[in-house]
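A.B. asks: what shape does this take:
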Amino acid sequence: MDDSNLNRIRLLDIFRGIAILGTLGTNIWIFANLGDVSYIFTFDHYDWWNSWNHFLRIFTLSMVNGKLLGLLAIMFGIGLELKYQKSLRKGRLWPGIYLWTSIFLLIEGFLHFTFVMEYDILMAYAISAIIVAFIVKAGKKTIKRSMAFIGGIHFLLILTVSAGVLAGQVSGGFSGDSQEITAIYRDGTWMDQIQYRITNFLSLRSEAIFSIPFNIFWFLAGVLLMRDGAFADDEQGRYTRKRMLMFGLCVGIPLNLLLFVPGGTFDFPVRYLFAPILSIGYMGLISYITDKWKAFGLWCILEKVGKMSLSCYVLQNVLCSIIFYGWGLGVGALESSLLTLLFWGVVSFMQLLFVLLWLHYFKSGPMEAWRKLMTRLD
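C.D. replies: Residues are numbered from 1 along each chain as shown. Sure thing, here's the model as predicted:
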């Protein structure tokens, strides 16, 4: 990569770093409540007008739930496009080795699902990446048509699920018996939790399968943003990012605040339709702030987190398992939303320290090492 791309790459790594730390802002509620996924929705525990705890939780989720996943999906598409352009420059077969890296990611995701967390995103990302890898070869027109087709499928899925919510057919118990799940994570051993994940593999992977059209759409959106020069360090790039800022925040914030409507009516539209709009706004906002305060030291740290994004994603889930689950410190079943957010900050800070320490001695993260090997093979 030539020197003219350094600022762009730095910005992309900052995006990844913020997305990884922000993803924990959603998952922390699942960990803190011992695997009870209902805490990231509003089917239950939604009387925010009577409870400061519920208000704080729902407000936080309205700003992070799905938004950082949307940002990660866009970033994954940008990374895919960079690899595709590299293969063109070097005259190499595409997707070629990229298929093997995606298959390897699928295996990593399965191991992460089995041994760490049942709501792993890596498996769905790997499958989505394999599909998108073939679409990007066909040109911008085909990419846009594919986005229209897959976006339509995703939209219909969300409408169907939302109609089920309104009809009372979908509720907070959609993920299983919450009391049985919390008992496993409160009282069970690590092996009990592994057995639970493997035994209930299909039901626990239902959201991952459900999210594949979502991922494909936003992977392709990332590809188009990259091709249109949205992150270039020039006037056109800054203009595009300013438009992303204005559109994403002005449209995305009101739509995502619909999470405050009680009963779970907008839970799925907010997470799977409206969240990425706010993700685009966040990208524009981060770009604006980093341009305005370039010397701010935190950017360098977040950039390092972005370079170790896979390692940090797995690490934060391992740390939370140790902190909250019964086989570890057993801090789970927190009643305080403020305390839950405090743990989000503590785990994030631990990751920042880990990244700084690791990169002081090594050039890449422990889970990024195989990617360097694949790059050499490529």
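
A.B. asks: just the pLDDT for Asn5.
C.D. replies: Asn5 carries a pLDDT score of 43 in this model.

A.B. asks: next one: His45
C.D. replies: We have a pLDDT of 61 for His45.

A.B. asks: in contact with the nearest residue to Phe110 once chain neighbours are set aside, which residues?
C.D. replies: Using Cβ to Cβ, 6 or more residues apart in numbering and skipping residues adjacent in sequence, the residue nearest Phe110 is Met123, 6.1 Å away. Every residue, glycine included, has its C-beta placed from N, CA and C. Counting by Cβ atoms under 8 Å, 6 or more residues apart in numbering, Met123 touches Leu106, Gly109, Phe110, Phe113, Arg205, Ala208.

A.B. asks: where does the second one land in three-state SS?
C.D. replies: Right, the one you point to is Gly109. Reducing the assignment at Gly109 to three states with DSSP: H, G, I helix; E, B strand; the rest coil gives helix.

A.B. asks: ok, the nearest residue to it once chain neighbours are set aside - how many residues close by?
C.D. replies: Nearest residue to Gly109, sequence neighbours excluded (Cβ to Cβ, 6+ apart): Leu122, at 3.0 Å. With neighbours defined by other Cβ atoms under 10 Å, the count for Leu122 comes to 20.

A.B. asks: what's the pLDDT at Leu122?
C.D. replies: pLDDT for Leu122: 96.

A.B. asks: so how far is Gly263 from it?
C.D. replies: Leu122 is 32 Å from Gly263, where distance means Cβ to Cβ, to the nearest Å.

A.B. asks: off-centre distance for whichever strand or helix holds Cys312?
C.D. replies: Using DSSP states H and E, Cys312 maps to helix 309-324. Chain-centre distance of helix 309-324: 14 Å, with Cα atoms, centre = their mean, to the nearest Å.

A.B. asks: buried ones in that helix?
C.D. replies: 309-317, 319-321, 323-324 (16 or more other Cβ atoms under 10 Å).

A.B. asks: which outside residues touch it?
C.D. replies: Helix 309-324 has contacts (Cβ under 8 Å, 6+ apart) with 16-17, 19-21, 23-24, 27-28, 31-32, 34, 108, 112, 116-117, 122, 185, 305, 328-332, 343, 347-348, 350-351, 354-355, 358, 365-368, 371.

A.B. asks: now the contacts of Met123 in TSV, with pLDDT and distance to Gly96?
C.D. replies: Formatted as TSV, the contacts of Met123 follow (pLDDT from 0 to 100; distance: Cβ to Cβ, whole Å):
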residue	pLDDT	distance to Gly96
Leu106	96	17
Gly109	96	21
Phe110	97	23
Phe113	97	27
Arg205	94	28
Ala208	92	26
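
A.B. asks: residues near the residue lying closest to Leu166 once chain neighbours are set aside, how many?
C.D. replies: Counting by Cβ to Cβ, 6+ apart, the nearest residue to Leu166 once its immediate chain neighbours are dropped is Thr265, at 6.5 Å. By other Cβ under 10 Å, the residues close to Thr265 number 16.

A.B. asks: Thr265 reaches Val161, doesn't it?
C.D. replies: No: Thr265 lies out of contact with Val161 (Cβ atoms under 8 Å); the separation is 11.3 Å.

A.B. asks: which SSE is Leu69 in?
C.D. replies: Going by DSSP H and E, Leu69 is in helix 67-89.

A.B. asks: now that helix: how far from the chain's centre is it?
C.D. replies: Counting by Cα atoms, centre = their mean, helix 67-89 is centred 13 Å from the centre of its parent chain.

A.B. asks: taking helix 309-324 as reference, get the angle to it.
C.D. replies: 150 degrees (axes from the mean of the first three to the mean of the last three Cα atoms, to 10 degrees).

A.B. asks: what is the nearest of the contacts of Met123 to Leu68?
C.D. replies: Leu68 has its nearest neighbour among the contacts of Met123 in Ala208, at 16.5 Å by Cβ to Cβ.

A.B. asks: just confirm the closest one contacts Leu122, I think it does.
C.D. replies: No: if you go by Cβ under 8 Å, Ala208 and Leu122 don't touch, sitting 9.3 Å apart.

A.B. asks: quick one on the thing from earlier: now do the residue nearest to Phe110 against Gly79, distance only.
C.D. replies: Taking Cβ to Cβ as the measure, Met123 and Gly79 are separated by 17 Å.

A.B. asks: tell me the spacing between the residue nearest to Gly109 and Leu273.
C.D. replies: For Leu122 relative to Leu273 (Cβ to Cβ), the value is 23 Å.

A.B. asks: cool, Gly79 as well?
C.D. replies: Separation of Gly79 from Leu273 (Cβ to Cβ): 24 Å.

A.B. asks: ok so, going back, closest one of the buried residues of helix 309-324 to Thr290?
C.D. replies: The shortest approach to Thr290 among these belongs to Ser309, at 17.2 Å (Cβ to Cβ).
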